[in-house]
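Peer 1: One predicted model, sequence on top.
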Amino acid sequence: MNKVCPVLLLLVCLGLAERSSADFVVEVTRGQDNAVPIAVVPFADPGVADVDVAQVVSNDLARSGRFKAMDRKDMVEQPHTGANITYDDWRRLGNDYVVVGLMTPQGPDRFNISFELYNVLNRQRLLGYQISANRPGLRLASHQIADMIFDKITGIRGAFATRIAYVAVSGSLPNRSYRLIVADADGENPHVVMQSNEPLMSPAWSPDGQSLAYVSFEHRLPTVYVQYLKTGERHVVSARAGVNQAPAFSPDGRKLALTLSTRDGNLDIYVIDLATDGISRITDDPAIDTEPQWSKDGQSLYFTSDRAGGPQIYKVGLQPGDRPRRLTFQGNYNARPRISPDESQLAFVTQEDGAYRIAVMDLKGRGDVQVLTKGQFDVSPSYAPNGAMIIYASRDRGRGVLALVTPDARVQERLASSEGEVQEPAWSPF
Amino acid sequence: MKKIVSIACLFAAVALLAGCPKKATTVEPPTAGSQVPGAGGASGSDAGSTSTSPLGGDAGALGGGPGGGPNASVGRVIYFDFDKSDIRPEFAGVISGNAQFLAAHPNAKLKLEGNTDERGTREYNIGLGERRAQAVRRALMLQGAAENQLTTVSFGAERPAVEGDDEAAWSKNRRVELVYGP
């Protein structure tokens, strides 16, 4: 069907030394029964690239839970172009799809990667692209290839070439170090955005993916900052007396919802206009109101409040006089709402048998609730921008780790960090 | 074609992000002398090379700081039950001892640092820590401390006193620390 091979020539001009660290190891703790079998054949490589592109693609697809990636040890041939694929063999080995490719050096630090995706059953070529990337751009190019394959086969936009922000804590008390880190969605390629000896928390992405809002206690008081990632420049959004917490960008990126307190310590939700610093108070209740999250249309906020005793999730319109409406009724602890990208579902933290777990609630139908995870301290859920996965913070043998779960709970994975403690993951937009 | 354009944009965006590591990991100090060390190296060489913040606050937490405070026989920490912010009777002496000192020293300043155990969501815990700090603030004011002597801050679950995932650790982390300072 694809008679013309679209050529994708991209100049990925990175001046960055390659980091070969593997800070995360993915462990699939529960997979999906009907995963699509696919083989990503090692790409022909003259041996000068230090990223195994086919392996990154294969890992991405497997990590999504929707694919069963063939171990390359089981491959009986390793073709690099469609002309050399023996379809009957791949079919006999149970594969529905085969990906082949080759890398051609273009100078010491630049590579041309070409790849093709074939349907083994009807021998059709579904994709064929060339990508030019320099050495530091190879991982990104690999994630982009995985995105194209994922999109082609599932019809869902891939989110492998996105990023995650999280907080890493190292050192032992009282000399802890807190780092706000942005890494690729698979945990590789981590970069420190901010480092402090006092807590950093609540990273939140701007909708254009260019900035992070977060809370820093570097002055032993909470301050909400917005930091532009490209330059590292940041500015104070709120350092008012009392609480300055829980920032959340509006969908248009022009406002920040956050939690502030009155002098007597009453937490309420406010919205600040980032251009004018104009502030409006959204909730006014003696209870703790916090953890705001915008609706997709920017006209409402979801938030946590313990106005009825324990924390529960509410939604309030931003028009004057709008009254908060309670959304969660099951159990006595439901907090920290996050909406799925299409706003069909709400993810949050619920308490069940004394444990804290990630749950989702259907927002379109009858409000059915499903608890997705089985840990003791599962918090901070964040949707992938395609809605296909939720990343969250968990604990394993006394350490903070990041974990993944699909919104139907069928696929569970853990991103095991090699060091320190990681918490509060926030998945970037596309 | 639209797809290719969007891919190109994505490459460009990430390339820009990753292409300026020196800048991206440097933070300009908003005020002199109070900034933590900026994040280091060009290629994210972030291996534990931090230094201790030069702020004077820690000394105050130990009770001998520049701001002074009552003598060491008066406690500086009040512990709380799970999900509670009422002050247990055993801490009546801590409240009265510190309130008396504040009443007798109108220039003394006290910061009340509220903390929770690790359970629950981080931002809601900030609220619970603030609630505890406010409970101590009210109790001190009832016994003679002036409003302008007291400030509160909540660290929620972010600054535990003790590490551990059990009640022994949690009971030591659900606390308000009384920190005298300038």
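Peer 2: Sure thing, it's come through.
Peer 1: who's in contact with stretch A:315-324?
Peer 2: A:271, A:282-283, A:285, A:295, A:299-303, A:305, A:314, A:325, A:327 (C-beta atoms under 8 Å, 6 or more residues apart in numbering or on different chains). The C-beta positions use only the backbone N, C-alpha and C, and glycine is treated the same way.
Peer 1: Ends of that stretch, what's the gap?
Peer 2: Stretch A:315-324 has an end-to-end distance of 5 Å (criterion: C-alpha to C-alpha, to the nearest Å).
Peer 1: residue contacts, B:T151?
Peer 2: A:A241, B:K109, B:L110, B:K111, B:L112.
Peer 1: who's it bridged to?
Peer 2: B:K111 (DSSP bridges).
Peer 1: A:Y314 and chain B, how far apart?
Peer 2: Relative to chain B, A:Y314 is positioned 13 Å away (C-beta to the nearest C-beta, to the nearest Å).
Peer 1: Low-confidence bits of chain B, can you list those?
Peer 2: B:1-67 (pLDDT under 70).
Peer 1: Can you show me the strands along it?
Peer 2: With DSSP state E as the criterion, chain B has strands at B:77-79, B:109-115, B:150-156, B:175-181.
Peer 1: about what we covered before: secondary structure, pLDDT and neighbour count added to the contacts of stretch A:315-324, as CSV?
Peer 2: Shown next, in CSV, are those (DSSP: H, G, I helix; E, B strand; the rest coil; pLDDT from 0 to 100; neighbours: other C-beta atoms under 10 Å in any protein chain shown):
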residue, secondary structure, pLDDT, neighbour count
A:V271, strand, 98, 19
A:I282, coil, 97, 20
A:T283, coil, 96, 21
A:D285, coil, 96, 15
A:S295, coil, 98, 18
A:Q299, coil, 98, 13
A:S300, strand, 98, 19
A:L301, strand, 98, 26
A:Y302, strand, 98, 25
A:F303, strand, 98, 29
A:S305, strand, 98, 26
A:Y314, strand, 98, 23
A:R325, strand, 97, 11
A:L327, coil, 97, 17
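Peer 1: Just give me the closest of those residues to B:L142.
Peer 2: Nearest to B:L142 out of these is A:D285 (C-beta to C-beta; 24.5 Å).
Peer 1: where does A:N332 sit relative to chain B, distance-wise?
Peer 2: In terms of C-beta to the nearest C-beta, A:N332 sits 10 Å off from chain B.
Peer 1: Can you report how many residues lie near that residue?
Peer 2: Residues contacting A:N332 under the criterion other C-beta atoms under 10 Å in any protein chain shown number 11.
Peer 1: Same question for A:D297.
Peer 2: 8.
Peer 1: Pull the contacting residues for it.
Peer 2: A:P251.
Peer 1: quick one, helices of chain A?
Peer 2: A:53-63, A:87-92, A:138-154 (DSSP state H).
Peer 1: Of all these, which one is nearest chain B?
Peer 2: Proximity to chain B (C-beta to the nearest C-beta) singles out helix A:138-154 among those, at 5.7 Å.
Peer 1: Next, the distance between the ends of stretch A:104-123.
Peer 2: Start-to-end, stretch A:104-123 (C-alpha to C-alpha) is 25 Å.
Peer 1: JSON lines for the helices of chain A, including mean neighbour count, mean pLDDT and distance to A:M389?
Peer 2: As requested, the helices of chain A are exported to JSON lines (neighbours: other C-beta atoms under 10 Å in any protein chain shown; pLDDT from 0 to 100; distance: least, C-beta to C-beta, whole Å):
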{"stretch": "helix A:53-63", "mean neighbour count": "24", "mean pLDDT": "96", "distance to A:M389": "8"}
{"stretch": "helix A:87-92", "mean neighbour count": "15", "mean pLDDT": "95", "distance to A:M389": "28"}
{"stretch": "helix A:138-154", "mean neighbour count": "23", "mean pLDDT": "97", "distance to A:M389": "11"}
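Peer 1: a markdown table for these, including distance to A:E343?
Peer 2: Output for the helices of chain A, formatted as a markdown table (distance: least, C-beta to C-beta, whole Å):
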| stretch | distance to A:E343 |
| --- | --- |
| helix A:53-63 | 25 |
| helix A:87-92 | 41 |
| helix A:138-154 | 21 |
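Peer 1: Can you check which of these gets nearest to A:A409?
Peer 2: Nearest of the helices of chain A (C-beta to C-beta): helix A:53-63, 16.1 Å.
Peer 1: What are the contacting residues of the closest one?
Peer 2: Applying C-beta under 8 Å, 6+ apart, the external contacts of helix A:53-63 come out as A:26, A:28, A:38, A:40-43, A:45, A:67-69, A:72, A:99, A:101, A:103, A:113, A:138-139, A:141-143, A:145-146, A:149-150, A:158, A:160, A:186, A:404, A:413.
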